[in-house]
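Asker: Predicted coordinates and the sequence they were generated for:
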Amino acid sequence: MEGIERTAMTDTWLKKHRQIYLGATRHPFILGIRDGSVDLSSFKRWLGQDYLFVRAFVPFVASVLLKASKESDENADIDVLLGGLAALNDEIAWFKNEASKLGVALASVVPHPINLNYCRFLESLMSPDVDYTQAITAFWAIETVYQQSFAHCLEEGSKTPDDLKQTCRRWGNDDFGQYCRALRSIADRQLAKASDDVVAKAEVNLLNILEHEVQFWNMSHGKI
Ligand SMILES: Cc1ncc(CNC=O)c(N)n1
């Protein structure tokens, strides 16, 4: 392998699965935010469900941190993951504040079956049988879908209403973009030294995540 640079795995996958990836990051719900046509009831439904998702995401991120501490020799990985947990702490406070502004009672939000399904998938990734490479790759994918989706709503030419801009900035800001790039480079480093079996599993997980994310956005319509 010496002297031969393997192309970054995530790059290969995003090219190979471009259409599915765009299905998750350019979903009609996001396009509706971007052009201002989204309705408030959809936004509120997404907010309530995503709050529940984020609460379930915390133990998943903790499990990735635990795997990093056991399986990675890089202290820097822990720093990145700890930053991720700190961001989730802010995020939960933001959800509570946003929900109270919009009159969404978080304590009485009933988790939708699509949400429960995604949370069950997260739980399966927390198993000790799932190694650090798979866990960090899944983590990168989940964060990146939100980063890319909301950054799209802030690009030149977008007509995102002012009151939705702060939501978009939460995931679409440059720091979050930098953080996602850090996760991506950890994932690529791990994938470059992983067995074919682990790489294959990580790719299947990526496809599952993209599908879960599409379903999650679909939920905002309230028709399913
Ligand atoms: C369904 C879903 N996917 C990804 C994220 C982004 N990560 C943490 O906030 C999220 N909030 N919700």
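Answerer: Yes, it's here.
Asker: just to confirm, which helix or strand has the residue of the chain found nearest the ligand in it?
Answerer: Nearest to the ligand in the chain, going by C-beta to the nearest ligand atom, is Tyr146, at a distance of 3.7 Å. C-betas here are computed from N, CA, C, even on glycine. Tyr146 is part of helix 132-152 when elements are defined by DSSP states H and E.
Asker: I'd like to know which elements that helix is packed against.
Answerer: Other elements packing on helix 132-152 under the criterion 3 or more C-beta pairs under 8 Å, 6 or more residues apart in numbering; DSSP states H and E are helix 18-25, helix 28-34, helix 40-71, helix 75-102, helix 113-125, helix 162-172, helix 174-192, helix 196-218.
Asker: tell me the contacts of the residue lying closest to Glu213 once chain neighbours are set aside?
Answerer: Leaving aside its sequence neighbours, Glu213 sits nearest to Ala24 (C-beta to C-beta, 6 or more residues apart in numbering; 4.2 Å). Neighbouring residues of Ala24 by C-beta atoms under 8 Å, 6 or more residues apart in numbering: 145, 149, 210, 213-214, 217.
Asker: Reformat those as a markdown table; add pLDDT.
Answerer: A markdown table is the format used below for these (pLDDT from 0 to 100):
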| residue | pLDDT |
| --- | --- |
| Val145 | 98 |
| Ser149 | 98 |
| Leu210 | 98 |
| Glu213 | 98 |
| Val214 | 98 |
| Trp217 | 98 |
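Asker: Which residues of this protein lie near the ligand?
Answerer: With the criterion set to C-beta under 6 Å from any ligand atom, the chain comes near the ligand through 50, 53-54, 57, 91, 142-143, 145-146, 213, 216.
Asker: Determine which two of these are furthest apart.
Answerer: Glu91 and Glu213 (16.8 Å; C-beta to C-beta).
Asker: who's more crowded, these two?
Answerer: Neighbours were counted for Glu91 and for Glu213 using other C-beta atoms under 10 Å; Glu213 has more, 23 against 17.
Asker: Could I get the average pLDDT for stretch 52-70?
Answerer: Summarised as a single mean, pLDDT over stretch 52-70 is 98.
Asker: Same check on stretch 153-169?
Answerer: 97.
Asker: Name the residues of that stretch that are buried.
Answerer: Of the residues in stretch 153-169, 153-154, 158, 160, 164-165, 167-169 count as buried by neighbour count, 16 or more other C-beta atoms under 10 Å.
Asker: Could I get the CA-only coordinates of it as PDB?
Answerer: What follows is stretch 153-169, C-alpha atoms only, in PDB (Å, rounded to 0.1, in the frame of the first residue of the first chain):
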ATOM      1  CA  CYS A 153     -31.200  26.900   2.800                       C
ATOM      2  CA  LEU A 154     -28.600  29.600   3.500                       C
ATOM      3  CA  GLU A 155     -26.900  29.700   0.100                       C
ATOM      4  CA  GLU A 156     -27.000  32.600  -2.300                       C
ATOM      5  CA  GLY A 157     -30.400  32.700  -3.900                       C
ATOM      6  CA  SER A 158     -32.300  31.000  -1.100                       C
ATOM      7  CA  LYS A 159     -35.500  32.700   0.100                       C
ATOM      8  CA  THR A 160     -35.600  31.200   3.600                       C
ATOM      9  CA  PRO A 161     -37.900  33.400   5.800                       C
ATOM     10  CA  ASP A 162     -36.000  35.300   8.500                       C
ATOM     11  CA  ASP A 163     -37.700  33.400  11.400                       C
ATOM     12  CA  LEU A 164     -36.400  30.100  10.000                       C
ATOM     13  CA  LYS A 165     -32.900  31.300   9.400                       C
ATOM     14  CA  GLN A 166     -31.700  30.700  12.900                       C
ATOM     15  CA  THR A 167     -32.900  27.100  12.700                       C
ATOM     16  CA  CYS A 168     -30.900  26.700   9.400                       C
ATOM     17  CA  ARG A 169     -27.800  28.300  11.000                       C
END
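Asker: Understood, closing this out.
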